[in-house]
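Visitor: Requesting a structural model of the entry that follows:
(2 chains)
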Amino acid sequence: MTGAKDMAGQASPPPFGGSPLLTRLTSLSRAELEAIQWSKLRGLLARVHRTSPFYRRKMDAAGFATEAAGSIAKFQQGFPFSDKQDFLHDQNASPPFGERLSIPASDIALVNLTGGTSGQGQEFYGRSQRDVHLLGYLHALPWHMSGLRAGDVAVNCVPAGGMTTGGWGPGEGLRILGATALHMGGNLSTDAKIDLMLRIGRVNFIYASTNYLHTLTEALTRKGIDPREAFPDMRAIFIAAEGYPAEWAGRVQTIWGCRLCEGYGSTQCVGFGASTCENGVLTADGEPGLMRFFEWETMFEVLDPETLRPVRSGEVGEIVVTNLSVEGSPVIRFRTGDAARFFSWADIADGRAWSGIECGTIGRYDDMMKIRGNNVWPSAVDAAVFASQEVAEYAGRLYTSAAGKTEVEVSLAFTEGFAAAPAQRKSALIAELRARIKERTNIWMDLVETDKSKLPEFSYKARRWRDERREGYKL
Amino acid sequence: MSGDQGRAAADEARVLRRVRDDVRQLCRTSDSLMLPQYRHLLGRVEALIEIACHEHSGRPDAQGGASPDGGRASGEEGS
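Guide: Model prediction:
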């Protein structure tokens, strides 16, 4: 356990000890884990070859025969990849679910769409009754591991319901976990959420995007409310969707007096595919911890996006997902476009056969901005900026100057306390942040102070960057 | 209701009650991850008994009396 437990002054339930099922999973050897994977995978491949023309065509074109493949290694060498474009093309040809749907359309109990934030189009997923329970389970599992238990009061700050997996999963997850759920996301302002949480008092768990937890924490601080006093029963806060610096995570744990936990999930994973374990997002030394893959439900590969070969432990690569327990619209070797630093189970060496990825550094390959020949990820700027507790929020803008040069402007909003600081202190911090951004991105950016109210507020995934370069080329 | 319909309904009720009793057994688990999921399942089965058989199955009824099935199995209350 981390010091966060001590800070909270209350004992969190043991993440695995209370569940014989989880205890069994933690004690599997790698060979036993891979035997479960292969058993599920073999059944899935046989089924989709029979029921899904999309996968049958792929398998036949690649000359892939499940029984002849005979092992996970051969599957990973010979089964063709899919990506978002493949799925969109399939859907356009056979609307709305595409021929990758591997159950009768009449058996679909829930339709999920991807968020559409990529701008390329939304993928359709048909979920069977069994899939809907799995969707809930793959939210409940990491939350159980983070300490949430039946009867606890859980606040969900992610907009609930609608068409997305991320909107639907938390409701199902909290329901099957037996927690008392308050779905506050999307329909209440931050101030209204705080008022409601204060009225409830005994809040044990919060689920929020990284960005929204920052917003909520900043708002509480601005109101002079100490979360440790206001919510002394908080067991854990669970974040997802975005990267963050370790310094920020440490501050959040101190401010809230509880463990910060993180999960990696997606529509393609039908919920979470990985999460932190006992230690939360930080190691005892305050370094980024690990999220471990739930490899008995979902198979993960982390590959070099150029060579499509597995990265070595400690390297960053693209996450490739294969569902092992999904019926409706399974994904098989799906290239997610998510970038993560991979750690092999063999190198983690804690007796568990589960590989993992580093906390706080999940990024998107398609979020990458090409700036003056450099590859710049928003998460790199997030890490530089939010390492300073004086920063409340920021927004970035790329534009073309009158001279035709790409310029980058970062508008910074300071916390209420620091906004009133002497100009000299603020200038010094801006210079420090500028150097820190340069260190992480190789780009000198122009930093300007702005008022927090002038920056957009995000209730889920933050979109802090605007690329206006093309507008600069208009005649 | 015809005789056949009556027999079919009785069979359905019998199966549902058997499923409920089996799920109640599962609810005796001490596994903190599985127990709430079994309770969730029990709630669904109890609701189906209510819907299909017009028979209260679950918590004691509003008058405070025990249900015909004796209420919930031990180990179902609390966490």
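Visitor: So, low pLDDT: which residues of the chain?
Guide: Picked chain A for this. With pLDDT under 70 as the threshold, chain A has low-confidence stretches at A:1-15, A:17, A:116-119, A:460-461, A:470-475.
Visitor: ah, I was thinking of chain B
Guide: Filtered on pLDDT under 70, chain B yields the residue ranges B:1, B:60-79.
Visitor: what sits against the residue in the stretch 251-400 of chain A that chain B sits nearest to?
Guide: Distances from the stretch 251-400 of chain A to chain B, computed as CB to the nearest CB, single out A:Phe294 as the nearest residue at 12.3 Å. No exception for glycine: its C-beta is placed from N, CA and C like everyone else's. Counting by CB atoms under 8 Å, 6 or more residues apart in numbering or on different chains, A:Phe294 touches A:Leu138, A:Leu141, A:Pro142, A:Phe272, A:Gly273, A:Ala274, A:Ser275, A:Trp354.
Visitor: Of the residues you listed, which are in range of chain B?
Guide: Applying CB under 8 Å from any CB of the partner chain to these, one finds that A:Leu141 fall near chain B.
Visitor: From the contacts of A:Phe294, which land in helices?
Guide: Among these, the members falling in helices (DSSP state H) are A:Leu138, A:Leu141, A:Pro142.
Visitor: which one is the last one nearest to, not counting chain neighbours?
Guide: So the one you mean is A:Pro142. Counting by CB to CB, 6 or more residues apart in numbering or on different chains, A:Pro142 lies nearest to A:Ser275, which is 3.3 Å off, once chain neighbours are set aside.
Visitor: do the first one as well
Guide: Take A:Leu138 and drop its neighbours on the chain: the residue closest to it by CB to CB, 6+ apart is A:Gly271, 2.9 Å away.
Visitor: mind listing what the residue nearest to A:Pro142 touches?
Guide: When contacts are counted by CB under 8 Å, 6+ apart, A:Ser275 touches A:Leu141, A:Pro142, A:Met145, A:Ser146, A:Phe238, A:Cys261, A:Glu262, A:Gly263, A:Tyr264, A:Met291, A:Arg292, A:Phe294.
Visitor: pretty sure A:Arg436 contacts A:Ala384?
Guide: Yes - at 4.2 Å, A:Arg436 counts as touching A:Ala384 under the criterion of CB atoms under 8 Å.
Visitor: neighbour count winner among the two?
Guide: Relative neighbour count places A:Ala384 above the other of A:Arg436 and A:Ala384, with 24 against 17, counting by other CB atoms under 10 Å in any protein chain shown.
Visitor: Please save the CA atoms from the one helix or strand that one maps to in CSV.
Guide: Mapping A:Ala384 onto the secondary structure by DSSP states H and E places it in helix A:378-385. Output of helix A:378-385 as CSV, limited to C-alpha atoms (Å, rounded to 0.1, in the frame of the first residue of the first chain):
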residue,chain,number,x,y,z
PRO,A,378,-0.3,17.2,-26.1
SER,A,379,0.5,14.9,-23.2
ALA,A,380,4.1,16.1,-23.2
VAL,A,381,2.9,19.7,-22.7
ASP,A,382,0.4,18.5,-20.1
ALA,A,383,3.2,16.9,-18.2
ALA,A,384,5.3,20.1,-18.3
VAL,A,385,2.6,22.5,-17.4
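Visitor: which helices and strands sit right next to it?
Guide: strand A:391-400, strand A:406-414, helix A:423-441 (3 or more CB pairs under 8 Å, 6 or more residues apart in numbering or on different chains; DSSP states H and E).
Visitor: Kindly calculate the angle that it makes with strand A:406-414.
Guide: 50 degrees (axes from the mean of the first three to the mean of the last three CA atoms, to 10 degrees).
Visitor: ok now helix A:378-385, how far from the chain's centre?
Guide: The gap between the average C-alpha position of helix A:378-385 and the chain average comes to 16 Å, counting by CA atoms, centre = their mean, to the nearest Å.
Visitor: Distance to A:Ser94 added to the helices and strands packed on helix A:378-385, as a markdown table?
Guide: Conversion of those to a markdown table gives the following (distance: least, CB to CB, whole Å):
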| stretch | distance to A:Ser94 |
| --- | --- |
| strand A:391-400 | 38 |
| strand A:406-414 | 42 |
| helix A:423-441 | 43 |
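Visitor: now for those, which one comes closest to A:Leu324?
Guide: Comparison of those against A:Leu324 by CB to CB identifies helix A:423-441 as nearest, at 36.6 Å.
Visitor: Can you name the element that comes right after the closest one?
Guide: Using DSSP H and E, the next helix or strand after helix A:423-441 towards the C-terminus is strand A:446-450.
Visitor: Pull up the pairing partners for that following strand, direction included.
Guide: With DSSP bridges as the criterion, the sheet partners recorded for strand A:446-450 are strand A:406-414 (parallel).
Visitor: who's in contact with the partner strand?
Guide: When contacts are defined by CB under 8 Å, 6+ apart, strand A:406-414 is touched by residues A:371-372, A:381, A:385, A:390-401, A:419, A:421, A:426, A:430, A:433, A:437, A:443, A:445-452, A:454-455, A:469.
Visitor: of the residues you listed, buried ones?
Guide: Neighbour-count burial (16 or more other CB atoms under 10 Å in any protein chain shown) is assigned, among the contacts of strand A:406-414, to A:371, A:381, A:385, A:391-400, A:426, A:430, A:433, A:437, A:443, A:445, A:447, A:452, A:455, A:469.
Visitor: quick one: contacts of stretch A:48-65?
Guide: Residues external to stretch A:48-65 that are found in contact with it (CB under 8 Å, 6+ apart): A:45, A:66, A:78-80, A:82, A:90, A:98-103, A:330, A:332.
Visitor: Just the CA atoms of it, as PDB, please.
Guide: This file holds the C-alpha atoms of stretch A:48-65, laid out as PDB (Å, rounded to 0.1, in the frame of the first residue of the first chain):
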ATOM      1  CA  VAL A  48     -16.000 -15.500 -36.200                       C
ATOM      2  CA  HIS A  49     -14.800 -17.600 -39.200                       C
ATOM      3  CA  ARG A  50     -18.300 -19.100 -39.200                       C
ATOM      4  CA  THR A  51     -20.400 -16.100 -38.400                       C
ATOM      5  CA  SER A  52     -18.500 -12.900 -39.600                       C
ATOM      6  CA  PRO A  53     -17.800 -12.500 -43.300                       C
ATOM      7  CA  PHE A  54     -15.500  -9.600 -42.400                       C
ATOM      8  CA  TYR A  55     -13.100 -11.800 -40.400                       C
ATOM      9  CA  ARG A  56     -13.600 -14.800 -42.600                       C
ATOM     10  CA  ARG A  57     -12.300 -12.800 -45.600                       C
ATOM     11  CA  LYS A  58      -9.400 -11.500 -43.600                       C
ATOM     12  CA  MET A  59      -8.500 -15.000 -42.400                       C
ATOM     13  CA  ASP A  60      -8.900 -16.700 -45.700                       C
ATOM     14  CA  ALA A  61      -6.900 -13.900 -47.500                       C
ATOM     15  CA  ALA A  62      -4.100 -14.300 -45.100                       C
ATOM     16  CA  GLY A  63      -4.200 -18.100 -45.300                       C
ATOM     17  CA  PHE A  64      -4.800 -18.200 -41.500                       C
ATOM     18  CA  ALA A  65      -6.400 -21.400 -40.200                       C
END
